[in-house]
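*Asks:* This is a predicted model, with the sequence first.
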Protein chains: 4
Amino acid sequence: MTESTTRLRADARRNREQIITAAREVFLERGIHAPLEEIARRAGVNIATLYRRFPDRHTLVQQVALDNLTLVGEELTRATVEHPDAWGALAQLLRRLVELRISVIMPELVPGLEKDMRGEGGPLKERRNQLFEQMEQLTRAAQQEGQLRQGINPIDLWLGVIKLSRPLPAIGAELNELIIDQQLELFLGGIHAVALDASEPLRRQPLTLDALDRYFRMVE
Amino acid sequence: MTESTTRLRADARRNREQIITAAREVFLERGIHAPLEEIARRAGVNIATLYRRFPDRHTLVQQVALDNLTLVGEELTRATVEHPDAWGALAQLLRRLVELRISVIMPELVPGLEKDMRGEGGPLKERRNQLFEQMEQLTRAAQQEGQLRQGINPIDLWLGVIKLSRPLPAIGAELNELIIDQQLELFLGGIHAVALDASEPLRRQPLTLDALDRYFRMVE
Amino acid sequence: MTESTTRLRADARRNREQIITAAREVFLERGIHAPLEEIARRAGVNIATLYRRFPDRHTLVQQVALDNLTLVGEELTRATVEHPDAWGALAQLLRRLVELRISVIMPELVPGLEKDMRGEGGPLKERRNQLFEQMEQLTRAAQQEGQLRQGINPIDLWLGVIKLSRPLPAIGAELNELIIDQQLELFLGGIHAVALDASEPLRRQPLTLDALDRYFRMVE
Amino acid sequence: MTESTTRLRADARRNREQIITAAREVFLERGIHAPLEEIARRAGVNIATLYRRFPDRHTLVQQVALDNLTLVGEELTRATVEHPDAWGALAQLLRRLVELRISVIMPELVPGLEKDMRGEGGPLKERRNQLFEQMEQLTRAAQQEGQLRQGINPIDLWLGVIKLSRPLPAIGAELNELIIDQQLELFLGGIHAVALDASEPLRRQPLTLDALDRYFRMVE
DNA sequence: AATGAATGAGCGTTCATTCAT
DNA sequence: TATGAATGAACGCTCATTCAT
């Protein structure tokens, strides 16, 4: 996936990828300070193996972030290919990013990784900036179509997706998914210019207090 | 404040309140898993005293949540008093809730505290439901005014505020505040029916990548 | 023993002393970087208890050193009381210090504790300096008696005792004791002016290769 | 160098020697429990290679010790060649041994390696015994010259050198060297019959407390 | 009732040692 | 044969929790 994967032995590469995958999941669920042992456990490797590949937490986060940026780039490309209109592409991209929970690690792109963003910056900053340019084009195009609300920029989308994606701790994954979907539609509705009419309701089944309570009863 | 406060000695009650206050602060700053010792220290009591009052973390969270719900009720009342129109009251309420970061502990109202919501539920569920009814009235009124978008309910607002308020871990408080404010305006803009016009930009100074980078350079 | 012992609960004071005693032993045997867990184990307390008393290794070393300096002071006093002549007192002091292995932690007085010796210095430096003055008096007196070789100062004795006391790692305590005794007599013989005559042999039973080998066979 | 070197491929032999050399250095610097990986790294080989050559730490220590004994033999020969008188040769030998810190590993000749001294003993014991005989001759000769104090034997010298050479942990190499030199002169002065006169001071600049403190201030 | 004190358990990190290539 | 890789285990340190005063 990333360059550093290149000259690794087959089994080591497999381990490396499992670790990154596990890290993405765990960071998603428990935040960036989650126990590394949990990650190792979930990746099915010994903690020392994790340390061999990633000498410290920061390095691991870096690599996951790099990986994520790559994935985002791929999703962006795919979205533009699959949609003739910018708004359609943008909406798919955002939905997809939330779906993949890719950005959960990105907020950490803001914290934890500040140093990588300073001065010249390394590959991380470079890739981020490049991605931003692409998103900016898409954003402007959607605004020229009259589909994306004025005054919105990639940062808004970026941070919005990050906040949306972060699961609320300790509630089950299902409920989190439900909530995230709901809020995502609200978000999209909020930035979609065309839908902006007081009388036009959001296209979704709203949550109710009863539904929430029913959920809690279920998972008992 | 809460019922259980009733039959306590004066100094014990003072302790209890100091602990809850400290807990709100610490939970806000360091998350809900912050060391209880930190809370005890800030409250100026021994850790064992904290344990005597709150046998486990859950109980403490519960009480803070109850306290928070009370505060929300007060804010709601104030907002309706200060604003003749429902939308004005609602907007102020949401802004205020985010400002107070009250919901930082509330998300835990959903997770962590699920059990308290099951079956009959205790005082927590009761107070929450009561609050919801009030919010529902306000919501409906705002929709009848044609100011709040159709299809939006208190849960959306509630969860929205919760997600908005949760600070991104590890970045400074300032940047978090900036981001929260930005996203809050986006949120309000998204649910405000009147503003729903593609050509009308949001009322705010948007964030830029440069601003972010400059921020990081500053805190170096 | 040290001031800080004063306001501790009875059981805590007992623990504290056991820890210091264990630390002296373990530092003696395994050096100043010995596992703190070993010390806790030998003191019969949990590692966390050790940490409660001594937040880090340095603090523990400091306290042991302080304790040692106190003991040395006591031994010095006793030696001068028990011997009318300075040389007699000095010899007893050195023998006694080696016997108590007190100085094993003192070498660490030189390393590890440098910071405590810099600038004004704290209680450690103060007590050391005070001790030195006493030793200097004793040294000069012995030289005026014509019993201590010229050109020798307290530092020589101090460092000599330290080096003598350090047990060779991994060989049994008995053999170490034997060796230390032998070298101590050699040392005393070397600094004793009166004995300085080529024809006068040292007063001791010299070690032989056979004795060493026999020893090894025994401990098999 | 040693017998086992005989039937190795050229590159393997080179590796072996590099490892032993690196081991001597590292043992000297960081003690006998230094990480084997450090040794491997410095020798420029993989840790697994080190393990292939030396199945465990003990074996490695053994070989380094053997190597050292060889070096001591060479130094002894050189000393006797360069000095017509036994005392001169002996003094040079001791100075040289201390200088080379050869014995840093030798003390381990006594501990750690006891087993190699038991029963028949292996090459290590054999070489040690042979060396001892040579030292005994030198010692006796020096005593007959009236230059070496009576009652002193090679073991005394051997163990003395070992204790002198062991650096005090954690203080810089410079200070250690200073201390070792000082104590070596004290040692030589102590065993030298001719110098044995109360009025004759040692030939050296004595250490002072101020000098020690100044040293610490420097390395700050 | 409140505090001082102790403990068990978890995670971070390093290293000796073994296994797979 | 030599190396890359993985592992188990030890130790450092912190914190939730309980016990003694």
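*Replies:* Okay, I see it.
*Asks:* how about A:Glu99, what does it touch?
*Replies:* Going by Cβ atoms under 8 Å, 6 or more residues apart in numbering or on different chains, A:Glu99 touches no other residue. All C-beta spots, glycine's among them, are computed from the backbone N, C-alpha and C.
*Asks:* how far away is it from DNA strand F?
*Replies:* Shown here: A:Glu99 relative to DNA strand F, a distance of 30 Å by Cβ to the nearest atom of the strand, to the nearest Å.
*Asks:* Report the buried residues of the strand or helix carrying that residue.
*Replies:* Counting by DSSP states H and E, the element that carries A:Glu99 is helix A:86-100. Neighbour-count burial for helix A:86-100 flags A:86-98, A:100 (criterion: 16 or more other Cβ atoms under 10 Å in any protein chain shown).
*Asks:* Kindly report the domain assignment for chain A.
*Replies:* Annotated domains of chain A cover A:1-55, A:57-218 [automatic domain parsing].
*Asks:* Where do the helices of chain A begin and end?
*Replies:* Secondary structure of chain A (DSSP state H): helices located at A:10-30, A:36-43, A:47-53, A:57-82, A:86-100, A:114-117, A:123-144, A:154-165, A:173-191, A:209-218.
*Asks:* which regions of chain A sit below the pLDDT cut-off?
*Replies:* Low-confidence segments of chain A (pLDDT under 70): A:1-8, A:103-121, A:169-172, A:193-220.
*Asks:* OK, now which residue of it is nearest to chain B?
*Replies:* A:Gly190 (1.8 Å; Cβ to the nearest Cβ).
*Asks:* Contacts only, for the nearest residue to that residue once chain neighbours are set aside.
*Replies:* Counting by Cβ to Cβ, 6 or more residues apart in numbering or on different chains, the nearest residue to A:Gly190 once its immediate chain neighbours are dropped is B:Gly190, at 1.8 Å. With Cβ under 8 Å, 6+ apart as the criterion, the residues that contact B:Gly190 are A:186-187, A:189-191, B:149.
*Asks:* mind redoing it with 7 Å?
*Replies:* Residues in contact with B:Gly190, defined by Cβ atoms under 7 Å, 6 or more residues apart in numbering or on different chains, are A:186-187, A:189-191.
*Asks:* and chain A, which of its residues are near DNA strand F?
*Replies:* Taking Cβ under 7 Å from any atom of the strand as the measure of proximity, chain A contacts DNA strand F at A:8-9, A:11-12, A:15, A:45-49, A:52-53.
*Asks:* my guess is A:Leu164 contacts A:Phe187, does it?
*Replies:* Yes: here A:Leu164 reaches A:Phe187: they are 6.2 Å apart, a contact under Cβ atoms under 7 Å.
*Asks:* what's the burial count for the residue in chain A positioned nearest to DNA strand F?
*Replies:* Nearest residue of chain A to DNA strand F: A:Ala48, at 3.0 Å (Cβ to the nearest atom of the strand). Neighbourhood size, A:Ala48 [other Cβ atoms under 10 Å in any protein chain shown]: 8.
*Asks:* and the gap between it and D:Pro167?
*Replies:* Computed with Cβ to Cβ, to the nearest Å, the distance linking A:Ala48 and D:Pro167 is 32 Å.
*Asks:* separation between the residue of chain A closest to chain B and B:Leu188?
*Replies:* Distance, A:Gly190 to B:Leu188, using Cβ to Cβ: 9 Å.
*Asks:* Tell me the residues on chain A that lie near DNA strand E, please.
*Replies:* Contact residues, chain A versus DNA strand E (Cβ under 7 Å from any atom of the strand): A:9, A:11, A:35-38, A:47-48, A:51, A:55-57.
*Asks:* Would you show me how to pick out the buried ones of the residues you listed in PyMOL?
*Replies:* PyMOL command restricting the residues of chain A next to DNA strand E to the buried ones, with burial defined by 16+ other Cβ under 10 Å:
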select buried, chain A and resi 36+38+57
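*Asks:* out of the residues of chain A next to DNA strand E, who's near chain C?
*Replies:* With the criterion set as Cβ under 7 Å from any Cβ of the partner chain, no member of these is near chain C.
*Asks:* Taking the residues of chain A next to DNA strand E together, which two end up most distant?
*Replies:* A:Arg9 and A:Pro35 (27.1 Å; Cβ to Cβ).
*Asks:* In contact with A:Gln134, which residues are there?
*Replies:* With contact set as Cβ under 7 Å, 6+ apart, A:Gln134 has these partners: A:Leu76.
*Asks:* Over to A:Asp85?
*Replies:* Listed by Cβ under 7 Å, 6+ apart, the contact partners of A:Asp85 are A:Glu145.
*Asks:* Relative to A:Thr77, how far out is it?
*Replies:* Distance from A:Asp85 to A:Thr77, counting by Cβ to Cβ: 16 Å.
*Asks:* cool, A:Ile152 as well?
*Replies:* As judged by Cβ to Cβ, A:Ile152 and A:Thr77 stand 22 Å apart.
*Asks:* Between those two, which is the more surrounded one?
*Replies:* More crowded of A:Ile152 and A:Thr77, by other Cβ under 10 Å: A:Ile152, with 21 against 13.
*Asks:* Let me see the contact set for that one.
*Replies:* Residues near A:Ile152 by Cβ under 7 Å, 6+ apart: A:139, A:191.
*Asks:* I'd like to know how far it sits from A:Leu69.
*Replies:* Counting by Cβ to Cβ, the separation of A:Ile152 from A:Leu69 is 21 Å.
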